[in-house]
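> Sharing a model that was predicted from the sequence below.
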Amino acid sequence: MLTTKRQFLKISAATAGALATPTFFTKGAMAADTIDVGVVFSLTGGTSIIEKSLADATLMAIAEINAQGGVLGKQIKAIQEDGASDPKTYAEKASKLVVRDRLGTVFGGLTSASRKAVLPIFERRNSLFFYPTYYEGYECSDNVIYGGAVPNQQLSNFIPWIIKTLGKKKFFIVGSNYIYPQEMSKVCKILIEENGAEWVADEHLELGDSEWGAMVNKIKNSGCDAVLSNVVGDSVVAFYREYKNQGLTHDKLPICATVTSEIEIAAMGAEYAVGGYTSFPYFQAIDTDANHSFIDRYRKFVNDPKAVTHHAMECAYTTVFLWKQAVEKAGDISPDPIREAIRGQEFDAPDGRVKIEPQNLHTWLTPRIAQWQADGQGKIVDEFKEPIMPLPYAAYGETTSNLFCTQKGLDPAKLKI
């Protein structure tokens, strides 16, 4: 029988009480009955709207692996922390997991601000951070396994499609004010200009800002014919609602987003997003037996028959299985053997076949574009036939034949800044 979220948490708490000695991640070392891993997502604060589902998907994957016999004959025990939608808190919790709990593997993170906050901890301690979220690229670390899309898997297909298929030529770029939207904005501008269109504005509001009246008014008066949104968290809901409240409609002036997913649509109400677009490798609407099964199992795990799935949480689920395969290949839970074993690992995920690129530890994914419907689901209107290679420095000239980030590290001489 499938383990539910409540049952899983009870089992983890009982196991935690039985083990007084922290797990060391030196070669071959692990607790008597368990392999301990860290799980840190925001369960409170502005980005918890997304991160709670990432935590649930991670715990669900662990529960499924445990039900199948665990890893190396041992059960996985999750030590969970709350990042509280705050980079400083994220750093404190990551330090606790890596330094005090002595964990070699931690799953977590949503915003790039949180990833940047914890990265020095993992690099100093040579632990592994499994980061499941789409992000802006421009990073090359041996201590991070990147499970989500990078710009060439989200924007390199999206912007040309908007211009050629929708016939849009003037873009208003809007985002939350931190590193992810800022870097995505740079990529947007490059691709817009390369494809013969123009951008008329590049505006940002603070992460979590709910006052969108003035910004939407700017959009109305800008002369744009499409909006490229890199807005994140609770602000997505406020933005789309204000958009409709001011009389803007997606059939005439569509919001084309890199962040808006099924979970934000559910939070705002489907009527606010109908006709808009998002580019992600995964949508709940993927019509395969594997994805239907994934949706059903997730709803049972969280005990919510209407729960929605989305790209970041699907990646959170998938990265746990990729880690499992790497541990089994390495026969060890230490970071160095896992890192080498995970290079080239493949997995049949709900969105299709995925693979960890051996050179840069990012994930091969299949780009897709969906248009939001009245039922809150995305209708897939464009998709690649197969996964494409992740290029975290594509905006700076990186190509499949000229990699900037390899097993040797970053070659800064190749950056075109």
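All right, it came through fine.
> Can you name the residues that contact the residue nearest in space to the middle of the chain?
By C-alpha atoms, centre = their mean, the mean C-alpha position of the chain lies nearest to Thr133, the distance being 1.5 Å. Thr133 makes contact with 54, 109-111, 115, 147-148, 312, 315 under the criterion C-beta atoms under 8 Å, 6 or more residues apart in numbering. Where you see a C-beta, it was placed from the backbone N, CA and C, and this is true even at glycine.
> Tell me what Trp372 is bridged to.
Gly378 (DSSP bridges).
> Would you agree it is in contact with Thr278?
Yes. Between Trp372 and Thr278 there is a contact at 7.2 Å, judged by C-beta atoms under 8 Å.
> tell me which residues of stretch 214-221 are tucked away?
215-216, 219 (16 or more other C-beta atoms under 10 Å).
> For the stretch 251-400 of the chain, which segments are assigned as strands?
For the stretch 251-400 of the chain, the strands defined by DSSP state E, counting those that start in this stretch cover 255-257, 277-280, 346-349, 352-356, 363-364, 368-372, 378-383.
> deepest of those strands, which one?
strand 277-280 (a mean of 27; mean count of other C-beta atoms under 10 Å).
> Now tell me what touches that strand from outside.
134, 149, 154-155, 157-158, 162, 250, 254-261, 310-311, 367-372, 378, 381.
> Within its sheet, name the partner strands of it and how each one runs.
Partners of strand 277-280 in its sheet, by DSSP bridges: strand 255-257 (parallel), strand 368-372 (antiparallel).
> Give me the domain ranges for this structure.
5-149+287-366, 152-281+369-403 (automatic domain parsing).
> In terms of mean pLDDT, which of those domains ranks lowest?
Mean pLDDT is lowest for domain 5-149+287-366 among the domains of the chain, at a mean of 90.
> Figure out how far that one is from the centre of its chain.
Taking C-alpha atoms, centre = their mean, to the nearest Å, one finds domain 5-149+287-366 lying 12 Å from the centre of the chain it belongs to.
> Residue numbering should commence at 10 henceforth.
Sounds good: first residue 10 from here, last item domain 14-158+296-375.
> In space, what's closest to Trp272 - neighbours in sequence excluded?
Not quite, residue 272 is Ile, not Trp. His319 (5.1 Å; C-beta to C-beta, 6 or more residues apart in numbering).
> May I have the phi/psi pair for that neighbour?
phi -160, psi 170 (degrees, to the nearest 10).
> Roughly how far does it sit from Gly47?
23 Å (C-beta to C-beta, to the nearest Å).
> from what I can see Leu331 touches Phe356, true?
Yes. With contact defined as C-beta under 8 Å, Leu331 reaches Phe356; the gap is 5.5 Å.
> what is in contact with those two at once?
Joint contacts of Leu331 and Phe356 (C-beta under 8 Å, 6+ apart) are Val363.
> give me the number of residues near Asn411?
For Asn411, the count of nearby residues is 11 (other C-beta atoms under 10 Å).
> partner residues bridging it?
Counting by DSSP bridges, the residues bridging with Asn411 are Thr408.
> Quick check: it vs Ala422, distance?
Distance check for Asn411 against Ala422: by C-beta to C-beta, it reads 12 Å.
> go on, Gly361?
36 Å.
> Which one of the buried residues of stretch 223-230 is nearest to Ala235?
Nearest to Ala235 among the buried residues of stretch 223-230 is Ile228, at 10.3 Å by C-beta to C-beta.
> For the stretch 310-426 of the chain, which segments are assigned as helices?
Along the stretch 310-426 of the chain, counting by DSSP state H, counting those that start in this stretch, helices occupy 320-339, 344-351.
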